[in-house]
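Asks: kindly return the folded structure for what I paste below:
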Amino acid sequence: MESLSLAQAQKLALLSQGLPSSEKKGGAYDKTLKVLEQLGYVQIDTISVVQRAHHHTLWSRNLSYQPHHLEQLVANKKVFEYWSHAAAYLPIKHYRYTLPRKAAIKSGEQRHWYCKDRQLMQNVLRRIEEEGPLMAKDFESKANKTDGWNTKPSKRALENLYMQGDLMIAERRGFQKVYDLTSRVLPLETNTSMPTAQEYGRFLVMSYLNAHGFGSLAEMVYQLKDVRDIVKQALHDLEAMQKITKVKIGSGEYYVCIKALELVNKRLNRKRAKILSPFDNLLIQRKRASGIFNFDYLIECYVPKQKRQFGYFCLPILWNGQLVARADCKVDKNHSRLDVLHLFTEANLKDKDTFLTALEQELQAFAIFNQCHCFTIHNHSENCR
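Replies: Predicted coordinates for the structure are as follows:
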């Protein structure tokens, strides 16, 4: 079994993720689509103390990215909303691989969060058929405070219809979902055939490895229901076909595409600092980030204020092929300023002066991306944890 050093593994992971960003050929819009297709998805998040996660993740890999690109990609039916491990934008060319989950939810084999009121779902579907695209606010119903979600019954019906594939998100207006019939949203040329278990398993393996460079079975099935067996079989088959192989990294065993090993010999831009979203594809699996990059990370916006160590929305910072710092950031809209409330550098960071110079350049770019004229670092300390 071939072995990779930790430094080689880090390089392979970063290059597979398109980090740090590099100049790519083509127009800004086309580059955005290429990035999303390479990643396989970008997670959607509602937190907006800085630019939302789905925009941030794409900008991290495409410096010419603009938030309207996503809207345009949805309108042009190149990208659609559904679930990966969480709510996400996905390439339309991967649509058919959402069908197994939709079928399982529709049949009741898998459960969504909301119980199904089938009569209400039928009524909601009929209205959209007759009236066209609608938002949750177009339906009159009171929130049910006893269901644990405080969500209107009509909203739950819309979400159930969306998760089981009868509806799609046609667009967003002010970040509110606009639902329409799948038959009216989906491009006519889309492959809507149900993948076999073999096809689905191999897709999950190859899409993960293409985006991350290497991975374990546990990482490939992260937050996905009822796919472990088919992914395990796909790994066995693909290894027998000599498309993937096992490698040892530290004390762990991983799978890697044989062709991807060539990336280890490519150059990695170590001079550029890159501020990442807490929901960035590189580190959404915290255990992997800890094992490969020795970076323990917890997003603290869900932690009570008095128990936070680093701040409400601390952003990981990549430099020199390592995760070396984190910054608690917030946009001050009144003054068009990006506030770095606290910058924490890791204890093992070397050559801090060079890092801080690179970080200032990145913060200026990040400020502009957040429609700010400037940035201010209010506090700076070393993370001794």
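
Asks: can you pull the buried residues of stretch 212-221?
Replies: Residues 212-216, 219-221 are the ones in stretch 212-221 that count as buried (16 or more other C-beta atoms under 10 Å). Using the backbone N, CA and C atoms, a C-beta is placed for each residue, glycine as well.

Asks: using CSV, lay out those residues together with pLDDT and distance to Leu298.
Replies: CSV is the format used below for those (pLDDT from 0 to 100; distance: C-beta to C-beta, whole Å):
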residue, pLDDT, distance to Leu298
His212, 97, 21
Gly213, 97, 24
Phe214, 98, 24
Gly215, 98, 22
Ser216, 98, 21
Glu219, 97, 19
Met220, 97, 23
Val221, 97, 22
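
Asks: which of these sits closest to Gly252?
Replies: Set against Gly252, the nearest of the buried residues of stretch 212-221 by C-beta to C-beta is Ser216 (6.9 Å).

Asks: can you report how many residues lie near the closest residue in space to Leu283 that isn't next to it in sequence?
Replies: Excluding its sequence neighbours, the residue lying closest to Leu283 (C-beta to C-beta, 6 or more residues apart in numbering) is Ala289, at 4.0 Å. For Ala289, the neighbour count with other C-beta atoms under 10 Å is 19.

Asks: ok now do Ala289, which residues does it touch?
Replies: Applying C-beta atoms under 8 Å, 6 or more residues apart in numbering, one finds that Ala289 lies in contact with 282-283, 295, 297, 323.

Asks: how does this protein divide into domains?
Replies: By the record's domain assignment, the chain is partitioned as 1-112+164-268, 295-383 (automatic domain parsing).

Asks: the protein: helices as residue ranges?
Replies: Assigned by DSSP state H, the helices in the chain fall at 6-17, 28-39, 53-59, 68-75, 99-107, 118-131, 153-163, 182-185, 197-212, 217-220, 228-240, 286-293, 352-369.

Asks: got a markdown table for those helices, with distance to Asn379 too?
Replies: Compiled in a markdown table, those are given as follows (distance: least, C-beta to C-beta, whole Å):
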| stretch | distance to Asn379 |
| --- | --- |
| helix 6-17 | 28 |
| helix 28-39 | 33 |
| helix 53-59 | 22 |
| helix 68-75 | 33 |
| helix 99-107 | 44 |
| helix 118-131 | 50 |
| helix 153-163 | 41 |
| helix 182-185 | 47 |
| helix 197-212 | 34 |
| helix 217-220 | 35 |
| helix 228-240 | 44 |
| helix 286-293 | 24 |
| helix 352-369 | 14 |
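
Asks: how about the ones you listed, which one is nearest Lys271?
Replies: For the helices of the chain, proximity to Lys271 was assessed by C-beta to C-beta; helix 352-369 is nearest, at 6.2 Å.

Asks: for that closest one, packing partners?
Replies: strand 274-275, strand 314-319, strand 322-332, strand 337-346, strand 374-377 (3 or more C-beta pairs under 8 Å, 6 or more residues apart in numbering; DSSP states H and E).

Asks: mean neighbour count and mean pLDDT added to those strands, as JSON lines?
Replies: Shown next, in JSON lines, are these (neighbours: other C-beta atoms under 10 Å; pLDDT from 0 to 100):
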{"stretch": "strand 274-275", "mean neighbour count": "24", "mean pLDDT": "98"}
{"stretch": "strand 314-319", "mean neighbour count": "24", "mean pLDDT": "97"}
{"stretch": "strand 322-332", "mean neighbour count": "22", "mean pLDDT": "97"}
{"stretch": "strand 337-346", "mean neighbour count": "20", "mean pLDDT": "97"}
{"stretch": "strand 374-377", "mean neighbour count": "16", "mean pLDDT": "96"}
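
Asks: could you dump the ones you listed into a markdown table and include distance to Ser48?
Replies: Below are those laid out as a markdown table (distance: least, C-beta to C-beta, whole Å):
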| stretch | distance to Ser48 |
| --- | --- |
| strand 274-275 | 16 |
| strand 314-319 | 14 |
| strand 322-332 | 8 |
| strand 337-346 | 13 |
| strand 374-377 | 17 |
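
Asks: of all those strands, which one is nearest Leu14?
Replies: Checking those against Leu14 by C-beta to C-beta gives strand 314-319 as the closest, at 7.6 Å.

Asks: run the angle between that closest one and strand 337-346 for me.
Replies: Angle of strand 314-319 versus strand 337-346, following axes from the mean of the first three to the mean of the last three C-alpha atoms, to 10 degrees, is 70 degrees.

Asks: residues in contact with strand 314-319: which ones?
Replies: By C-beta under 8 Å, 6+ apart, strand 314-319 touches 14, 19-20, 50, 270, 272-278, 280, 282-283, 295, 297, 299-300, 323-329, 342, 344, 355, 358-359, 362.

Asks: pairing partners for it, with directions?
Replies: Strand pairing for strand 314-319, determined by DSSP bridges: strand 274-275 (antiparallel), strand 322-332 (antiparallel).

Asks: how long is stretch 246-260 from one end to the other?
Replies: Stretch 246-260 has an end-to-end distance of 12 Å (criterion: C-alpha to C-alpha, to the nearest Å).

Asks: now do that stretch, average pLDDT.
Replies: For stretch 246-260, mean pLDDT rounds to 94.

Asks: list the buried residues in that stretch.
Replies: Under the neighbour-count criterion of 16+ other C-beta under 10 Å, stretch 246-260 has 247, 249, 254-257, 260 buried.

Asks: chain center to that stretch, what's the gap?
Replies: 23 Å (C-alpha atoms, centre = their mean, to the nearest Å).

Asks: list the contacts of that stretch.
Replies: Residues outside stretch 246-260 that contact it (C-beta under 8 Å, 6+ apart) are 1-6, 9, 12, 16, 205-206, 209-210, 213-217, 235, 239, 242-245, 261, 291-292.

Asks: buried subset of those?
Replies: Buried members of the contacts of stretch 246-260, scored by 16+ other C-beta under 10 Å, are 4, 9, 12, 16, 205-206, 209-210, 213-216, 235, 244-245, 261, 291-292.

Asks: I'm done for today, thanks for sticking with me.
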